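Visitor: Quick one: sequence and predicted model below, then my questions.
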Amino acid sequence: MTVAIIGYGAGNTASVQFALERLGAEAVITDDPAVVAAAERVILPGVGAAGYAMERLAALGLIEPLRAFERPLLGVCLGQQLLFERSEEGGGVDLLGFIPGVVTKFDIDPELPVPHMGWTRLTTMKADPLIEGVAEGSYAYFVHSFVCPDGEATLARADYGTVVPAVVRKGNRWGCQFHPERSAEAGARILKNFLELPA
């Protein structure tokens, strides 16, 4: 099982790699489009700004290989947001466009700090192989200032002054707004499930 972790200068790649290797996967950090195209799984991590992330992916020639990749792909944190069509960050950024909708800045009670940072409970909305075996009410670790649109793709939600789509899916593309590699038992189960998804 070869997992390509996209290394493009906008993600916490080493911790994702370590978590996958603990589960027995061969995980390689790469920015090589050919390695990505040949992988059995792809993880798109991300922290920081969507605009910078898309610029880096474009500069490395990775946007089309990601769009063409038909085996399981998992976006993590900012990587989940990149699965959508557009972000309002920085005046507006076109994203990868797998899932309809626009990523927006948190519009919540000023008493709640942004970024949303810390452990938050997950609520399952739909059964899915990625979250099979994750106990209802499990906690996951979030760090984000923008939120994906809630809709047909949402598999699990969190609540942070508003609905936060915490796990999403469209076709063979999944996303986790939280960091599974930092989310204890629930996160490890999600990564294990991802490795076991049918290609």
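Guide: Great, that's in hand.

Visitor: what's the burial count for G133?
Guide: 11 (other Cβ atoms under 10 Å). Every C-beta, even on glycine, is put in place using the N, C-alpha and C of the backbone.

Visitor: got the contact list for it?
Guide: 189, 193 (Cβ atoms under 8 Å, 6 or more residues apart in numbering).

Visitor: Ok, L195 next?
Guide: Applying Cβ under 8 Å, 6+ apart, we find L195 in contact with 1, 3, 20, 23-25, 41.

Visitor: Send me the helix or strand it falls within as PDB with only the CA atoms.
Guide: Using DSSP states H and E, L195 sits within helix 184-196. Output in PDB follows, covering the C-alpha atoms of helix 184-196 (Å, rounded to 0.1, in the frame of the first residue of the first chain):
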ATOM      1  CA  ALA A 184      -6.200  10.000  19.200                       C
ATOM      2  CA  GLU A 185      -8.200   6.800  18.700                       C
ATOM      3  CA  ALA A 186     -10.800   8.300  16.400                       C
ATOM      4  CA  GLY A 187      -8.200   9.800  14.100                       C
ATOM      5  CA  ALA A 188      -6.200   6.500  14.000                       C
ATOM      6  CA  ARG A 189      -9.400   4.600  13.100                       C
ATOM      7  CA  ILE A 190     -10.200   7.000  10.300                       C
ATOM      8  CA  LEU A 191      -6.700   6.700   8.800                       C
ATOM      9  CA  LYS A 192      -6.900   2.900   9.100                       C
ATOM     10  CA  ASN A 193     -10.200   2.900   7.300                       C
ATOM     11  CA  PHE A 194      -8.800   5.100   4.600                       C
ATOM     12  CA  LEU A 195      -6.000   2.600   4.000                       C
ATOM     13  CA  GLU A 196      -8.600  -0.200   3.700                       C
END
